[in-house]
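Peer 1: Model the following, please.
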Amino acid sequence: MKAKTDYGAGLITCLILFAQHIGELKDIWWIVADYEANKRLPKEWQKSLKIWETFDNLLGSKIQTWAYAASDHLNEIEVPKDINWNTARDKIEMLKKLIYKCRAINSPLPTIDDFDSAIKMLNEIAVEIDKTIGLNPDIGKLQ
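Peer 2: Predicted coordinates for the structure are as follows:
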């Protein structure tokens with residue numbers, strides 16, 4: 001099947017493509033914890049710290065870059081028009097606003113809390129979609 005869009009279209013397709021970008025920052029919590037406890041950074045982050053001057057600026061730049069790349073997959077997202085999908089639609093709009101805020105150049109750099117919020121929203125969207133299609137979802141203890 002030949003692709004018709006650059007970044008995907010649909011509902012689940014776009015959410016999966018968006019979620020795949022989370023893997024780009026899969027170690028971010030370990031990096032933050034290690035830096036706060038021991039002031040250690042991975043080698044690839046050490047050079048960037050000199051450019052960004054502070055760890056918070058460096059972290060924000062990594063999250064901003066992630067949000068910029070991931071946001072493309074939310075452009076063509078489609079949610080069914082049916083009223084049963086209003087909650088999922090609202091949560092997706094909240095996620096889009098957060099991600100667009102995180103990628104904005106003239107705004108304060110995003111924080112680890114913004115990244116955490118995006119993942120939490122994505123989980124909430126998944127649960128809401130399952131409920132809407134009649135399943136009994138459980139996000140699990142070890143999310």
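Peer 1: looking at it, residue 52 is touching residue 62, isn't it?
Peer 2: No: look at residue 52 against residue 62 with CB atoms under 8 Å: they stay out of range, at 9.3 Å. All C-beta atoms are positioned from the backbone trio N, CA, C, and that covers glycine.
Peer 1: If you count surrounding residues, which of those two has more?
Peer 2: residue 62 (21 against 16; other CB atoms under 10 Å).
Peer 1: Any buried residues in the helix or strand that contains the more buried one, and which?
Peer 2: Element membership of residue 62 [criterion: DSSP states H and E] is helix 55-71. When neighbours are counted by 16 or more other CB atoms under 10 Å, the buried residues of helix 55-71 are found to be 55, 58, 59, 60, 62, 63, 64, 66, 67, 68, 70, 71.
Peer 1: Just the CA coordinates for that helix, please, in CSV.
Peer 2: What follows is helix 55-71, C-alpha atoms only, in CSV (Å, rounded to 0.1, in the frame of the first residue of the first chain):
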residue,chain,number,x,y,z
PHE,A,55,21.0,21.2,32.9
ASP,A,56,17.4,22.5,32.9
ASN,A,57,18.0,24.3,29.5
LEU,A,58,19.7,21.1,28.1
LEU,A,59,16.8,19.0,29.3
GLY,A,60,14.3,21.4,27.9
SER,A,61,16.0,21.4,24.5
LYS,A,62,15.9,17.6,24.3
ILE,A,63,12.2,17.6,25.2
GLN,A,64,11.5,20.4,22.7
THR,A,65,13.3,18.5,19.9
TRP,A,66,11.3,15.4,20.8
ALA,A,67,8.0,17.3,20.8
TYR,A,68,8.8,18.9,17.4
ALA,A,69,9.4,15.5,15.9
ALA,A,70,6.4,13.8,17.6
SER,A,71,3.9,16.5,16.9
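Peer 1: I am finished for the moment; much appreciated.
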